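Novice: Only the shape, not the letters, is given here:
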């Protein structure tokens, strides 16, 4: 259904960024998004939503989070928790490979799915979850055409997401490596845009 929707939007001249990475450019103007790396999960004309994967929540790991939710950690590694964004920071999001699917899983792209229900955490703890995953608290959201307007101004760069950037690259290296994957050297980026 999402694929059908994206095909209709593409035929109408709208290009969805779902499945791409949104990278903050230097000088974005909002310190909450300095060097942000956001996995875009939904992008439609009426709004957009993504989960940050470029920063960690200080002092919080998976086992403590699972215990707060009364889930025994089982075989789950004590992975760090990502700072997903400033909106709804108490809500959890699991970005994962599409090899696992729950009843409310959104298949974002061939390499990325999103689940927000506890069944995925129980599956991870039980050793039956997706092969690749990361967990975040909060998300980044945009209203109608807000992200498209920000993309027209100086602020964001988009790059294609891949499994290595999503699940293998160390958190502190995601921002420069994502730019490098697009052929951009971050050392050469100016913090402000020019005006003609």
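Specialist: Thanks, I have it. Quick caveat: nothing in here was measured; it's all calculated off a predicted structure.
Novice: Show me what the residue positioned nearest the centre of the chain is bridged to.
Specialist: By CA atoms, centre = their mean, the chain has its centre lying nearest to residue 39, at 2.5 Å. Taking DSSP bridges as the rule, residue 39 bridges to residue 21, residue 51.
Novice: Wait, it touches residue 18, no?
Specialist: No: applying CB atoms under 8 Å as the test, residue 39 and residue 18 come out as separate, 9.5 Å apart. C-beta here means a position set from N, CA and C on the backbone, and glycine is covered the same way.
Novice: so what's in contact with the two at the same time?
Specialist: Common neighbours of residue 39 and residue 18, using CB atoms under 8 Å, 6 or more residues apart in numbering, are residue 108.
Novice: coming back round to it: model confidence score at the residue nearest to the centre of the chain, please.
Specialist: According to the prediction, residue 39 has pLDDT 98.
Novice: Quick check: the gap between it and residue 75.
Specialist: Separation of residue 39 from residue 75 (CB to CB, to the nearest Å) stands at 25 Å.
Novice: and if you look at residue 155?
Specialist: With distances taken as CB to CB, residue 155 is found 41 Å from residue 75.
Novice: Comparing the two, which residue is more hemmed in?
Specialist: It is residue 155, of residue 155 and residue 75, that has more neighbours when counted by other CB atoms under 10 Å, with 19 against 10.
Novice: shaky segments in the protein?
Specialist: 1-13, 190-196 (pLDDT under 70).
Novice: Contacts only, for the residue nearest to the centre of the chain.
Specialist: Counting by CB under 8 Å, 6+ apart, residue 39 touches 21, 50-53, 95, 108, 112, 161, 166.
Novice: Going by neighbour count, which of those residues comes out on top?
Specialist: Result: residue 50 is most packed of the contacts of residue 39 (other CB under 10 Å), 29 neighbours.
Novice: isn't that residue right up against residue 33?
Specialist: No: using CB under 8 Å, residue 50 is not in contact with residue 33; the gap is 11.0 Å.
Novice: Need the residues touching each of those two.
Specialist: With CB under 8 Å, 6+ apart, residue 50 and residue 33 have common neighbours residue 140.
Novice: what's the neighbour count on the nearest residue to residue 79 once chain neighbours are set aside?
Specialist: Leaving aside its chain neighbours, residue 79 sits nearest to residue 62 (4.6 Å; criterion: CB to CB, 6 or more residues apart in numbering). Using other CB under 10 Å, residue 62 has 21 other residues around it.
Novice: What segments of the chain are strands?
Specialist: 20-24, 37-44, 47-52, 56-61, 80-83, 87-96, 106-109, 112-115, 133-142, 156-160 (DSSP state E).
Novice: Distance to residue 123 for those strands - can I get that in TSV?
Specialist: TSV is the format used below for the strands of the chain (distance: least, CB to CB, whole Å):
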stretch	distance to residue 123
strand 20-24	25
strand 37-44	19
strand 47-52	19
strand 56-61	18
strand 80-83	17
strand 87-96	10
strand 106-109	16
strand 112-115	9
strand 133-142	10
strand 156-160	28
